[in-house]
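>>> Quick one: sequence and predicted model below, then my questions.
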Amino acid sequence: MDTFARLLLDRAGDDRTGLLFEDERYTWADVLRQSRRRAALAHALLGGDRPPHIGVLLDNVPEYLFWLGGAALAGSVLVGVNPTRRGAELAHDVRHTDCRFIVTDTAHAPLLDGLDTGVPPERVLLVDGPAYAERLAATGPARAVEPSARDPLLLLFTSGSTGAPKAVVCGQGRLAAIGRQAPAFDITAGSVTYAAMPMFHGNTLMANIALATAAGATIALRRRFSASGFLPDIRRFGVTYFNYVGRALAYVLATPERDDDADNPLRVAFGTEASARDMAGFAERFGCRLIESYGSSEGAISIRKTPDSPPDALGRPSGGADVAVADPATGEECPRARFGPDGRLRNPDEAIGEIVGRGVAFEGYYRNPAAEAERLRGGVFWSGDLGYRDADGFFYFAGRAGDRLRVDGENFAAAPVERILSRWPSVVMCAVYPVPDPRTGDQVMAALELDVPFAPEAFARFLAEQPDLGTKWAPRFVRIVPSMPLTATNKVDKRPLHREAWRGGEVWWRPGRDLRYEPLTGDARRSLEEQAAAHGRRI
């Protein structure tokens, strides 16, 4: 079985361009040479300990790629440290993953000041400091190591959108196997892949770096994602493929449109969690093909949207994977979804369950047996995501496990409501979540990021025109946000929205049952709080 180290060694003597970054250019032979030097430095620092864990706290810069290669060649484990974490949480990430040294720079090093990371100051390497180049130059040749396919290579923190991040183990063999799928994404030696999503996340490492390394394609790195810089970069570097996650497409689509947007070299984009509307709009505007997938860093479940997939569906399992929707209480597979003539799901109570993978090769979470036991039960991987499956075998996303709502005795999931709200032309991004009803159950609240000021009458008319909007689905409260709270990987973070409920900010509401929205005033807020207190409810 292949290893990622072998994919990299296959690039020996390859003088084609392997890496583009700002005004820098490296051949693949250069990338391998630089990776070997970092493998040697890792061994020199740690006296041959194997496998040392190397924390990398950097933006998307060449050093990140060189240290990925160095870890692979040294038989070490690379830990992608999330630079959006702070204080005790950041220190915990480093300690929990047993990092023996940290690679960072002068921009990120202050994040570590005063933290108990377990890493002594002399083992914090500043890649833009004067001593770093000297250390590399003074290091001898890398020790020969032959990692096996089962050796761990990466510890990838989950996005943390639904709880504390967990460190997912990814081995040399799994990353190499992913890389060998490059032809399925039209990635060849002549391709240029654009890596703007953060490298500490599995999306870029698996859906870009591994594919490009296996094919010998060129990787164009950008420090951080920029919607305004997207198309200029595509043209400057001659990009043919890029990966995305979360709401990246929505942000690019929100930039001013030009008549020549489709005049670019892009052919394929691959990612997750884009809406059907954004996918269609992006493909039309920029003239490329989009491949949408549902999956995770754990690698336990993979669902791919196919050309015959309904617009709102995730698609069907890829590669013959055994995926189902199961009742968390019984473990039994849920009945298939039934739809009415208006497109509404007719049997949500019985059809919606948790998306599971059976017979999966899950490599586990590092030092987290409790999380492993929660996810892997009886040989079945429980994703924590809600979904349903139609009679033709297409899967649909229904939200995270905590995204269920119960309004006036009716249970439903948030994701179908979000799909409807995202059709409103003014919406850049939306999130639907439950807030407590002052008496009992929940009320629907939606956060909307708009490209124009909120027009309550137009929004009400839009809702009234949607044939598949459930009778309990229309938001009772609407929060207008200047920008949606996101995780570091551009996924919506609903936790601060839950905490705010309908307090503070620009909030509109429907005092009655009719579709008429008005500003939620201070008096109305106090009245809601008094009602909740009278019924023993905490808001």
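Yep, that arrived.
>>> Report all helices and strands that the worst-scoring helix or strand of the chain on mean pLDDT contacts.
Least confident helix or strand, the chain: strand 410-413 with a mean of 82, by mean pLDDT, DSSP states H and E. Counting by 3 or more Cβ pairs under 8 Å, 6 or more residues apart in numbering; DSSP states H and E, the packing neighbours recorded for strand 410-413 are helix 348-351, strand 404-407. Quick note: C-beta positions are derived from backbone N, CA and C, even for glycine.
>>> Dump the C-alpha coordinates for stretch 252-261 into CSV.
What follows is stretch 252-261 as a C-alpha-only set of coordinates in CSV (Å, rounded to 0.1, in the frame of the first residue of the first chain):
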residue,chain,number,x,y,z
VAL,A,252,-17.1,34.9,-4.0
LEU,A,253,-20.6,35.3,-5.5
ALA,A,254,-21.2,38.4,-3.3
THR,A,255,-18.3,40.2,-5.1
PRO,A,256,-19.3,42.6,-7.9
GLU,A,257,-20.1,40.7,-11.1
ARG,A,258,-18.3,41.5,-14.3
ASP,A,259,-19.0,40.6,-17.9
ASP,A,260,-15.7,38.7,-18.3
ASP,A,261,-15.9,36.6,-15.1
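>>> Just the buried residues of it, please?
For stretch 252-261, a neighbour-count test (16 or more other Cβ atoms under 10 Å) marks Val252, Leu253 as buried.
>>> Equivalent analysis for stretch 522-539, please.
Going by 16+ other Cβ under 10 Å, stretch 522-539 has these buried residues: Arg525, Leu528, Ala532.
>>> before we move on, back to that, most tightly packed of the helices and strands packed on strand 410-413?
strand 404-407 (a mean of 18; mean count of other Cβ atoms under 10 Å).
>>> returning to what we had before: with distance to Leu386 as added columns, please give the helices and strands packed on strand 410-413 in CSV.
Converted to CSV, the helices and strands packed on strand 410-413 look like this (distance: least, Cβ to Cβ, whole Å):
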stretch, distance to Leu386
helix 348-351, 10
strand 404-407, 7
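>>> follow-up on the earlier one: beyond the least confident helix or strand of the chain, next helix or strand please.
Of the helices and strands lying after strand 410-413 in sequence (DSSP states H and E), the nearest is helix 414-421.
>>> While we're on Val407, how confident is the model there?
For Val407, the model assigns a pLDDT of 88.
>>> That one touches Ala474, doesn't it?
No: applying Cβ atoms under 8 Å as the test, Val407 and Ala474 come out as separate, 9.9 Å apart.
>>> Need the overlap of contacts for the two.
Counting by Cβ atoms under 8 Å, 6 or more residues apart in numbering, the contacts common to Val407 and Ala474 are Val444.
>>> sorry, back to before: just the CA atoms of the least confident helix or strand of the chain, as PDB, please.
Presented in PDB, the C-alpha positions along strand 410-413 are these (Å, rounded to 0.1, in the frame of the first residue of the first chain):
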ATOM      1  CA  GLU A 410     -44.400  19.400  15.300                       C
ATOM      2  CA  ASN A 411     -40.800  18.100  15.000                       C
ATOM      3  CA  PHE A 412     -38.600  19.200  12.000                       C
ATOM      4  CA  ALA A 413     -35.000  19.900  11.100                       C
END
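>>> which among the buried residues of stretch 522-539 gets closest to Pro416?
In terms of Cβ to Cβ, no member of the buried residues of stretch 522-539 lies closer to Pro416 than Leu528, at 26.2 Å.
>>> Tell me if the closest one really is in a helix.
Yes: assessed by DSSP: H, G, I helix; E, B strand; the rest coil, Leu528 belongs to a helix.
>>> ok, and the closest non-adjacent residue to it?
Among residues not flanking Leu528 along the chain, Pro438 sits closest, at 5.5 Å (Cβ to Cβ, 6 or more residues apart in numbering).
>>> repeat for Ser309
Nearest non-adjacent residue to Ser309 (Cβ to Cβ, 6+ apart): Gly315, at 4.6 Å.
>>> Kindly confirm whether my reading is correct that that neighbour touches Glu292.
Yes: assessed by Cβ under 8 Å, Gly315 is found in contact with Glu292 at 7.2 Å.
>>> one step back: can you pull the pLDDT of the residue nearest to Leu528?
For Pro438, the predicted pLDDT is 85.
>>> That one: neighbour count?
Using other Cβ atoms under 10 Å, Pro438 is surrounded by 17 other residues.
>>> quick one: it from Arg400, how far?
25 Å (Cβ to Cβ, to the nearest Å).
>>> And Gly271, by the same measure?
18 Å.
>>> same deal with Gly379?
23 Å.
>>> What are the boundaries of the strands in the stretch 201-350 of the chain?
Using DSSP state E, counting those that start in this stretch, the strands found in the stretch 201-350 of the chain span residues 218-221, 241-245, 268-272, 289-295, 302-304, 316-317, 322-326.
>>> Could you say which one of those strands comes nearest to Ile480?
strand 241-245 (25.1 Å).
>>> Now do the closest one: which elements does it pack against?
Counting by 3+ Cβ pairs under 8 Å, 6+ apart, strand 241-245 packs on strand 192-195, helix 202-204, strand 268-272.
>>> Other residues contacting it?
Here strand 241-245 makes contact (Cβ under 8 Å, 6+ apart) with 185-187, 191-197, 201, 203-204, 207-208, 217, 234, 266-274, 489-491.
>>> pLDDT averaged over that strand - what is it?
On average, strand 241-245 scores 95.
>>> CA atoms only for that strand, dumped as CSV, please.
This file holds the C-alpha atoms of strand 241-245, laid out as CSV (Å, rounded to 0.1, in the frame of the first residue of the first chain):
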residue,chain,number,x,y,z
TYR,A,241,-9.0,23.4,-9.9
PHE,A,242,-9.7,24.6,-6.4
ASN,A,243,-11.3,23.2,-3.3
TYR,A,244,-13.7,24.9,-1.0
VAL,A,245,-15.6,24.3,2.2
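>>> Adjacent strands (with direction) for it?
When pairing is defined by DSSP bridges, strand 241-245 lines up against strand 192-195 (parallel), strand 268-272 (parallel).
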